[in-house]
Structure formats: C-alpha cells, structure tokens
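>>> the sequence and its predicted three-dimensional model are supplied below.
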Amino acid sequence: MNLIEKYGWTNKWEEKMISQGIAGRVLLEHKNLYRVITNEGEWLCSLSGKFKFDHDREAFPAVGDWVVLDRMPGEEKGIIQEVLPRSSQFSRKVAGMTTDIQLIAVNVDYVFLVMSLNHDFNVRRLERYLLAAWDSGATPIVVLTKKDTCDDLAYYINEVESVAFGVDIFTVSSVTGEGIDELSVLLSAGKTGALLGSSGVGKSSLINALSREEVMAVSNIREDDSKGRHTTTHRELSLLPSGGLLIDTPGMREFQLWESSEGVSASFKDIEELADECRFRDCKHQKEPGCAIREAITTGSLKEERYKSYLKLLKELAHIERKNDIVARKVERDKWKQVTKIQRSNYKKKK
C-alpha cells in the first residue's frame, strides 16, 4: 500500500486530477503554509502564484484537502498547483461583520458534533451545528462526552433526539473508555471524521482515547461553569490505529452560519411538517385559525424555544444571502472595471 493510500487516496481521487504532478493530502495549515503527506513523505508546501491569482479564498487548500503539487528542486518542499474537487465541506461565516467564509473541515465522511454532559450542553448550539452538517455532504454524528460524570443520561439523550432526527448518538467517556470502541468502528481504514464543538467538551481527550496514546495536549475546565480553554489552536489531520483519520478543530463557542439549502429541511423537518398541516397555505403561524404550529406549541408537542430558534436561524440565513448577493455583485462590477481598464490601456498602447 502506498503511503497516501493510508490517508484515504483511491482511484476516485486520481480520476479528479487535471494537471500532472504529485498527489498529497493536507495535514496541517499555518499562515498559508501547508504540511502535506505524499508518497515521498511529508513536505512543507506553499501555493503557486497562479493559483492565488485564479482562485478566491474558499478555494484555497484546507486540512483534509487532496492537492496536486510540484516538488521544489533539491528540497523536500512543494508548490501546490491544484486542489481536487471536494466530497464534503463544513464551513461557517468568519466572526464579525465581514462576509468571508471559514472552512472548518473538508473531505470528511463523518462530522462528529461533540458536546459534553455538563453545564456546557446547549441544544440551541447543536441545532446550528446540525444545520451546517446536513449541508456539508458528510454524515452528522452526535457524540456526548464525559459520560462518567453524568447522573441523568436520559435527559441529555432526549434533548438531542428532539432536534437530531435520524442522527446516531454516541455517549462516551475518555476516562473509563466507555463507548470508545463503538465510535472507533465508524473510523475504519480510509474513513475520515472531524471533531467539532466548543472548548472544554473533550475533543482532545477523545482523540487520545481513539489513538490509544497521548497525541493531543489536554487542559482542565473551570469547575463553576464547565467551560474550557482553547487547547487546540489549529486544525490537524491524524492517522488512527484503526486506519481511520480524524481532524481536530479549535473550539468554537460562536458559530455563525454561512449558508444553508437543504440543512433547514433536514434539521427542522418537524416544524416544516407541521406547517404543511396548517389550514391556510399562507399561514404566518401567529393568530390564524387552524394553525398546526401554534396548536403544537399550546399542547407542548413542540417547544416554543425550538420554534423561536427556527425563526431566528431563517432570519439569519436570509440576511447572509442578501449580503452575499451584494458582495457578489460588487465583485462582478470590480472585475469588469478591471477588464475595461486593461482594454483601454492596450488600446492606448496600440495608438
């Protein structure tokens, strides 16, 4: 077996190659430099000038990407010329007022949404993760950590089941090892997973448990609110003893959505199915007679907090879509201004 085959390389990826060169997978990214595994070992790589000029930031390599590169003469370094089309992409909006995208994990088979069984558990945050996970192209899996410290496991599982329809739930303890073997089965040879969650939920401890050794530093959490410090400061792809691969990510307490098409229907199908039962097709779900949603809230079969979360996320997504349209139009205008400027300059030179 070639080295990169251990990292998930198959004929499927080879068929996606357009340019000639050396194939590799991005293990680590740091300030536009990339640690890439190839059949000839790990190389430190940078982007070619042509790639930077021809692509926007979303197309730049991320941890988990398959790339095609040229070797720098006489050095164990490379120049990335191509990023192969991704099989999945989990992303979020960069924090703040900008409309830039931040890639969290790409080319993963499973997105492990990690939450701890303590004060940090937040079902509204899980709704956001699920929304993005369904749109990523990967399979979402909920992982509840610190099982050994939980006295009311049924409560947490019921809370997750109320929002994560059809999603597998694993309860684990990195201390006692409970649930670790069951989780390992998913990460068989060539399969890639990504751990996503806020700081202190036990992602690094989970990687250590799955790796059967101490490969990630672990920090303690505050006793008063169960919140942790950012142990992981970068994304990194690790090879597990099972033959699977795992991407650890920095903790995300704030998760702003980027965009979502199918994620809303998958994450909130209970609300959308209720809306189909309303008497009037244009029901606003306020005071209209025969509103199935208001009736479900009254009877308690639908929690009002969940419905408010649904409306908030729809509003946020609509706002993002409007901003993205404005930015796209501006980019297109600037592009044609530049083309016109070049054409005028060439015309003057000819004269």
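Arrived safely. Keep in mind it's a predicted model, so treat the numbers as computed, not measured. Numbering: from 1, shown residues only.
>>> which of the three states applies to residue 199?
coil (DSSP: H, G, I helix; E, B strand; the rest coil).
>>> gap between it and residue 33?
From residue 199 over to residue 33 the distance is 25 Å, taken as CB to CB, to the nearest Å. All C-beta spots, glycine's among them, are computed from the backbone N, C-alpha and C.
>>> which of the two has more neighbours?
Counting neighbours by other CB atoms under 10 Å for residue 199 and for residue 33 shows that residue 199 has the greater number, 19 against 12.
>>> remind me which residues of the stretch 251-351 of the chain are low pLDDT?
For the stretch 251-351 of the chain, the stretches with pLDDT under 70 are 251-263, 265-266, 316, 319-351.
>>> what residue lies at the spatial centre of the protein?
Geometric centre of the chain, nearest residue: residue 90, 2.9 Å, by CA atoms, centre = their mean.
>>> quick check: bridge partners of that residue?
Counting by DSSP bridges, residue 90 forms beta bridges with residue 105.
>>> ok, it - contacts?
Going by CB atoms under 8 Å, 6 or more residues apart in numbering, residue 90 touches 103-106, 108, 111, 132-133, 136, 138, 194, 196.
>>> same thing with residue 196?
Applying CB under 8 Å, 6+ apart, we find residue 196 in contact with 90, 104-105, 111-114, 129, 133, 249, 252.
>>> out of those residues, which one sits closest to residue 158?
residue 113 (16.7 Å; CB to CB).
>>> contact partners of the helix or strand the closest one falls within?
Using DSSP states H and E, the element containing residue 113 is strand 110-116. Strand 110-116 is touched from outside by 90, 105, 121-122, 125-126, 129-130, 133, 136, 138-146, 186-187, 191-198, 200-203, 206, 226, with contacts defined as CB under 8 Å, 6+ apart.
>>> using CSV, write down the CA coordinates of whatever helix or strand comes next after that strand.
Sequence-wise, the next helix or strand downstream of strand 110-116 (DSSP H and E) is helix 123-136. Extracted C-alpha coordinates of helix 123-136, given in CSV (Å, rounded to 0.1, in the frame of the first residue of the first chain):
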residue,chain,number,x,y,z
VAL,A,123,-29.3,22.2,22.4
ARG,A,124,-29.7,25.5,20.5
ARG,A,125,-26.0,25.4,19.6
LEU,A,126,-26.5,21.8,18.5
GLU,A,127,-29.2,22.9,16.1
ARG,A,128,-26.7,25.3,14.4
TYR,A,129,-24.1,22.5,14.1
LEU,A,130,-26.7,20.2,12.6
LEU,A,131,-27.9,22.8,10.1
ALA,A,132,-24.3,23.2,8.7
ALA,A,133,-23.6,19.5,9.0
TRP,A,134,-26.5,18.4,6.8
ASP,A,135,-25.4,20.9,4.1
SER,A,136,-21.7,19.8,4.3
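>>> residue ranges of the strands in the stretch 101-250 of the chain, please?
Under the criterion DSSP state E, counting those that start in this stretch, the stretch 101-250 of the chain carries strands at the ranges 101-106, 110-116, 139-145, 168-171, 192-196, 236-239, 245-248.
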